[in-house]
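>>> sequence first, then the predicted structure, then my questions.
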2 protein chains.
Amino acid sequence: MNSVPTAGQPTRFERQLAKILDHATSVFYEKGYQGATMRDLSRSSGLSLAGLYHYFESKEKLLYLIQRHYFQTVMRLLEARLKDITDPEQRVRGFIHNHLEYFVANFKAYKVLSHEDDVLRNQFGAEITALKRDYYRSCVALVEELKRARQLQFHTRTVVMALFGSINWLHTWYNPRVDGDAASVAREISDVFLKGIGSASPGD
Amino acid sequence: MNSVPTAGQPTRFERQLAKILDHATSVFYEKGYQGATMRDLSRSSGLSLAGLYHYFESKEKLLYLIQRHYFQTVMRLLEARLKDITDPEQRVRGFIHNHLEYFVANFKAYKVLSHEDDVLRNQFGAEITALKRDYYRSCVALVEELKRARQLQFHTRTVVMALFGSINWLHTWYNPRVDGDAASVAREISDVFLKGIGSASPGD
C-alpha cells in the first residue's frame, strides 16, 4: 500500500484507510507521537496488531501518511479556492482563510502536524519536507504577486514566516466560543497582515 | 532544593544548578522530552544517576526548572529594558526585541520550551501556566496602552496571539546567516505588526 489516491470517488479500501488515519490522529493527539504505541493504534483503529503492522509497517509510516494526507488536502483546497480569484490581495486572504478553515475543522490533526513537525526522518521526512516547501512556496508566490502589483517594500521570507507563525500557533489558544469562527479570525489576521505589509489602506 | 534564587550574586550551588539545567536543555533539545531518559540526563550533566534523582526527583522536575528559569529570566530582562521607555510604540517594540534577543541567544531552550509546551501536569504545569499567563498579560498590557494612546481599533487577544505566533515560530526557520541578527528580525516583525494594527504611519 503506497498511495492514498485523492481524485475521484474513494474506494471501500480508501474509506477504510481514511478511518484508520483518523483514529491514529486521535491517538497521536492524546498521547503524543513518542508516547503512542502500535498497540494503542491498533486498539483505536479496530485492526489487529498483526493487521496494523501488515498494512502500515510502523508508527513512522502512519505519521507520514497522516502528514501527507493533510498537506495534500489543504493544497488541493487552496487551488480550488483561488481558481477564480484574480485580485492579488484577495488571493492572499484566500490563502489565510483556507489554512485556518481547514485546520480549525481538523483541529486534532493540526495539533499533531504542528507538534510532530520534525519527527520524521529519511525518505518519509524528505517527502513531507518537500510537501511543506511546496505549500510555503505557494504562499510566497501569492505574497510576491501582491508585492509586485502594489510595488511594496518588505523582506518576503520574514513576513511570510511571521504569517505562518500567526496561523500555525492558533492551536495553542483558539477557542471558537471566544474567538469566533475560522472566517472571522482569518479576516482579523488578514487585515493586520495586509495593513502591516502596506497593502490595505488604513481603515480598509 | 525548591528554589532557584535569581537576585544578587549566584552562589556556587546556583552556578552548579545552572550548568545542570543547561546540560538538561541540550539533552531535551537533542532527544525530545519523551525520548530523553534520566540516564541520558545524568551522563550529560556529570552527576551520578543517584545524585540526579536525589537533587531533581524526576524528569518532570528538570523540565519544570528549565521552563521556570527561562520564563522568569525573559520577564526580568523585559522589566529592565522597559524601565526607561515611555513611548507606547517603543515599549511594544521593546517587548518584541527582548523576546527575540533572549530566545535567539538561547536557541535550544527556546525550541525545548516551544516543543514541550504542554507536557507538564499538576503543580508543575500549573506554575508554568501561571508564569506564561503573566508574560502574555505583560504583552497585552503594552498593546492595550498603545491602543488607548493612539485610539486604535482591533481585537487585542487575536492580534497579541498572532504576534506570539510570529515570534514563537521563529525556531522553525530562523537562520542568522540568512535572516540577520535578532535586532533586525525584531525590527521587521515590529514594523509589520505596528503598521498592521494601525499604529505606525505608512512608510514609517
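Received, thanks.
>>> so which residues on chain A come close to chain B?
Contact residues, chain A versus chain B (C-beta under 8 Å from any C-beta of the partner chain): A:32, A:34-35, A:115, A:117, A:154-155, A:157-159, A:161-170, A:172-173, A:178-179, A:185, A:188-189, A:191-198, A:202-203. Where C-beta positions appear, they are placed from N, C-alpha and C, glycine not excepted.
>>> out of those, name the ones that lie in helices.
A:32, A:34-35, A:115, A:157-159, A:161-168, A:178-179, A:185, A:188-189, A:191-196 (DSSP state H).
>>> can you select the buried ones from the residues you listed in PyMOL?
Only the buried members of those end up in this PyMOL selection, burial being decided by 16 or more other C-beta atoms under 10 Å in any protein chain shown:
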select buried, chain A and resi 32+115+157+158+159+161+162+163+164+165+166+167+168+179+185+188+189+191+192+193+194+195+196
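>>> counting by contacts, list what the helix ranked longest in chain A packs against.
If you go by DSSP H, chain A has its longest helix at helix A:122-150. Here helix A:122-150 touches helix A:59-82, helix A:88-105, helix A:156-168, going by 3 or more C-beta pairs under 8 Å, 6 or more residues apart in numbering or on different chains; DSSP states H and E.
>>> which non-adjacent residue is nearest A:S48?
Leaving out its chain neighbours, the residue that sits closest to A:S48 by C-beta to C-beta, 6 or more residues apart in numbering or on different chains is A:S42, at 6.3 Å.
>>> whoops, A:E145 was the one
Leaving aside its chain neighbours, A:E145 sits nearest to A:P88 (4.7 Å; criterion: C-beta to C-beta, 6+ apart).
>>> shaky segments in chain A?
Residues of chain A meeting the criterion pLDDT under 70: A:1-8, A:201-204.
>>> could you redo the last one with a cut-off of 90?
Along chain A, segments meeting pLDDT under 90 span A:1-19, A:31-35, A:45-47, A:51, A:54-56, A:110-111, A:113-119, A:121-122, A:171-172, A:200-204.
>>> how about stretch A:97-111, which residues are buried there?
A:H97, A:N98, A:H99, A:L100, A:E101, A:Y102, A:F103, A:V104, A:N106, A:A109, A:Y110, A:K111.
>>> pick the one among these closest to B:S58.
A:K111 (25.4 Å; C-beta to C-beta).
>>> what's the distance between the residue nearest to A:T158 when sequence neighbours are not counted and B:Y174?
Nearest non-adjacent residue to A:T158, counting by C-beta to C-beta, 6+ apart: B:E188, 4.8 Å away. According to C-beta to C-beta, to the nearest Å, B:E188 stands 12 Å off from B:Y174.
>>> again with A:A109
From A:A109 across to B:Y174, the span is 26 Å (C-beta to C-beta).
>>> next: A:R91.
Plainly put, A:R91 is 27 Å away from B:Y174 if you go by C-beta to C-beta.
>>> so which elements touch the helix or strand encompassing A:G51?
Here A:G51 sits within helix A:49-56, counting by DSSP states H and E. The contact analysis (3+ C-beta pairs under 8 Å, 6+ apart) places helix A:49-56 against helix A:38-45.
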